[in-house]
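Novice: Only the shape, not the letters, is given here:
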């Protein structure tokens, strides 16, 4: 079983080794070197890092490693005071997680209760007592307030593709949405059943196995359904953001901020994952984006100081609910109105065959004028070719966008089947593509951090 836990001494040796490899470059070199990309990826997505699970000690090690690289690249610290009382490159965030689901019981009906984890599970949960009359419809249907909706999904539907319609059901007043598991959900059943979702405002969404869905399909419309959830106590944990900055040189423009970000965490070790490999390395998601931020820091930190101030932040606990980014948005180290734009880097480790080989895509490209302006300056950015996947809402950029900041994610995720699986490993990374992709963003970002251009939302584009 590939689940060997290294000692912290071994991890320190690995950090020093990766750092020494990553530093091996010619001073002032403006192009991204593949060996540095490989060195940084080789540490962050290694088995030794145990999947960088949100809120774990391994996530903290990832943050400390990235922070040490920021220091080595000449960035100023932007985190909390360190051991010497001076600002460091890591920010510790206390996370107050809402109560998490402890148990879920199918309520009193004339049928036998379903077994949680075997016959059904919860994707999201927002109330302890759920009840209402059953309504069997398709995704194209509409509901009346108080109804519990049952949708017999097709195998081509995915958890992401159905989200917009489910959101509409809740806007119309549905008490809950029950769905038959699609092929995508069946493949990830053990992973989904291992989760204990926190109480949220996203509604009650329950997934049924084929057998359970068959039972519900035989219920008549109007059959009363009741589900009872039990929640544990609220949790207090921590996450860590890695933060560095380059202070701008222009007397006027230095107060303006360009923010380059990624998320440094992944799913950790999952004991219930199928097969022998239990480590979810998260090479593409999102060690690749964190390496992009590191390499942008290396290049921008080695050249002439930009006119604007640039912050480099790798957020913690994105996979657990965006806690690192949420803290940052609510506790910015500068006035929010000075934050000109945010570019998040996520899943750029492989090319997407929906676009040209040298192209990246920008989530929400059509929402603002930032993407087109960067494209004019040489960025190989195009529209997201997967609009049904709602990627604009699925990365840390959305928290900044909802706060009014022009914020998008740069990606080349082609919907590969290793997403959120233990198979998202270093061996799957196309390092030629990844190195080229990071390099293609250098000059456009250099233009952005040295110009007085301020992007704006297009009509109807602000979330």
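Specialist: Sure thing, it's come through. Source: prediction; values computed, not measured.

Novice: can you pull out the helices in the stretch 201-350 of the chain?
Specialist: 210-217, 288-302, 323-330 (DSSP state H, counting those that start in this stretch).

Novice: elements contacting the last one?
Specialist: When contacts are defined as 3 or more C-beta pairs under 8 Å, 6 or more residues apart in numbering; DSSP states H and E, helix 323-330 packs onto strand 90-97, strand 235-246, strand 257-263, strand 309-315, helix 397-402. The C-beta positions use only the backbone N, C-alpha and C, and glycine is treated the same way.

Novice: quick one: which of the ones you listed is nearest residue 337?
Specialist: strand 257-263 (9.9 Å; C-beta to C-beta).

Novice: Direction included, what does the closest one pair up with?
Specialist: strand 309-315 (parallel), strand 339-345 (parallel) (DSSP bridges).

Novice: returning to that earlier point: ok, of the helices and strands packed on helix 323-330, where does mean pLDDT dip lowest?
Specialist: Note on the helices and strands packed on helix 323-330: lowest mean pLDDT is at strand 90-97, with a mean of 92.

Novice: Residue 235 bridge partners, please.
Specialist: Under the criterion used here (DSSP bridges), residue 235 is bridged to residue 97.

Novice: What count of nearby residues applies to it?
Specialist: Here the number of neighbours of residue 235 (other C-beta atoms under 10 Å) works out to 13.

Novice: Now do the contacts for it.
Specialist: 95, 96, 97, 100 (C-beta atoms under 8 Å, 6 or more residues apart in numbering).

Novice: In JSON lines: the helices of the stretch 201-350 of the chain, plus distance to residue 142.
Specialist: As requested, the helices of the stretch 201-350 of the chain are exported to JSON lines (distance: least, C-beta to C-beta, whole Å):
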{"stretch": "helix 210-217", "distance to residue 142": "19"}
{"stretch": "helix 288-302", "distance to residue 142": "38"}
{"stretch": "helix 323-330", "distance to residue 142": "33"}
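
Novice: Mind pulling up the pLDDT for residue 163?
Specialist: So, for residue 163, pLDDT stands at 84.

Novice: show me the contacts for it.
Specialist: In this structure, residue 163 makes contact with residue 390, judged by C-beta under 8 Å, 6+ apart.

Novice: do you know how far it is from residue 286?
Specialist: 20 Å (C-beta to C-beta, to the nearest Å).

Novice: again with residue 190
Specialist: 22 Å.

Novice: With neighbour numbers in mind, choose between those two.
Specialist: Using other C-beta under 10 Å, the more surrounded residue of residue 190 and residue 286 is residue 286, with 35 against 15.

Novice: Surely that one and residue 315 touch.
Specialist: No: using C-beta atoms under 8 Å, residue 286 makes no contact with residue 315, being 9.4 Å away.

Novice: any common contacting residues for these two?
Specialist: The contact sets of residue 286 and residue 315 overlap at 262, 263, 264 (C-beta under 8 Å, 6+ apart).

Novice: Reformat those into JSON lines and put distance to residue 462 and neighbour count next to each item.
Specialist: JSON lines is the format used below for the shared contacts of residue 286 and residue 315 (distance: C-beta to C-beta, whole Å; neighbours: other C-beta atoms under 10 Å):
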{"residue": "262", "distance to residue 462": "23", "neighbour count": "31"}
{"residue": "263", "distance to residue 462": "23", "neighbour count": "31"}
{"residue": "264", "distance to residue 462": "28", "neighbour count": "32"}
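
Novice: quick one: which of the residues you listed is nearest to residue 431?
Specialist: Of these, the one sitting nearest to residue 431 (C-beta to C-beta) turns out to be residue 262, at 17.2 Å.

Novice: Dig out what that closest one forms beta bridges with.
Specialist: Taking DSSP bridges as the rule, residue 262 bridges to residue 314.

Novice: That one contacts residue 342, correct?
Specialist: No: counting by C-beta under 8 Å, no contact exists between residue 262 and residue 342, whose distance comes to 11.1 Å.

Novice: out of the helices of the stretch 201-350 of the chain, nearest to residue 411?
Specialist: Among the helices of the stretch 201-350 of the chain, helix 288-302 comes nearest to residue 411, with 8.1 Å by C-beta to C-beta.

Novice: which residues does the residue nearest to the spatial centre of the chain contact?
Specialist: Residue closest to the mean C-alpha point of the chain, counted by C-alpha atoms, centre = their mean, is residue 395 at 4.3 Å. Contacts of residue 395 were listed using C-beta under 8 Å, 6+ apart, and they are 263, 318, 344, 346, 363, 409.

Novice: okay, those in a markdown table with distance to residue 141 next?
Specialist: Converted to a markdown table, the contacts of residue 395 look like this (distance: C-beta to C-beta, whole Å):
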| residue | distance to residue 141 |
| --- | --- |
| 263 | 36 |
| 318 | 33 |
| 344 | 35 |
| 346 | 33 |
| 363 | 29 |
| 409 | 32 |
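
Novice: For the buried ones among the residues you listed, write the corresponding PyMOL selection.
Specialist: Buried subset of the contacts of residue 395, written as a PyMOL selection, criterion 16 or more other C-beta atoms under 10 Å:
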select buried, resi 263+318+344+346+363+409
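
Novice: least confident pick among the contacts of residue 395?
Specialist: On pLDDT alone, residue 318 ranks lowest of the contacts of residue 395, at 95.

Novice: which residue packs closest to it, ignoring adjacent ones?
Specialist: Leaving aside its sequence neighbours, residue 318 sits nearest to residue 263 (C-beta to C-beta, 6 or more residues apart in numbering; 3.4 Å).

Novice: Check the gap between that neighbour and residue 375 for me.
Specialist: Distance from residue 263 to residue 375, by C-beta to C-beta: 25 Å.

Novice: show me where the stretch 351-463 of the chain has strands.
Specialist: 360-362, 381-383, 407-411 (DSSP state E, counting those that start in this stretch).

Novice: Poorly predicted segments of this protein, please.
Specialist: Scanning the chain for pLDDT under 70 picks out 1-30, 107-113.

Novice: mind checking the end-to-end distance for stretch 302-315?
Specialist: Length of stretch 302-315, first residue to last, C-alpha to C-alpha, to the nearest Å: 23 Å.

Novice: Deepest-packed of the strands of the stretch 351-463 of the chain, please.
Specialist: Comparing those by mean neighbour count (mean count of other C-beta atoms under 10 Å), strand 407-411 ranks first with a mean of 29.
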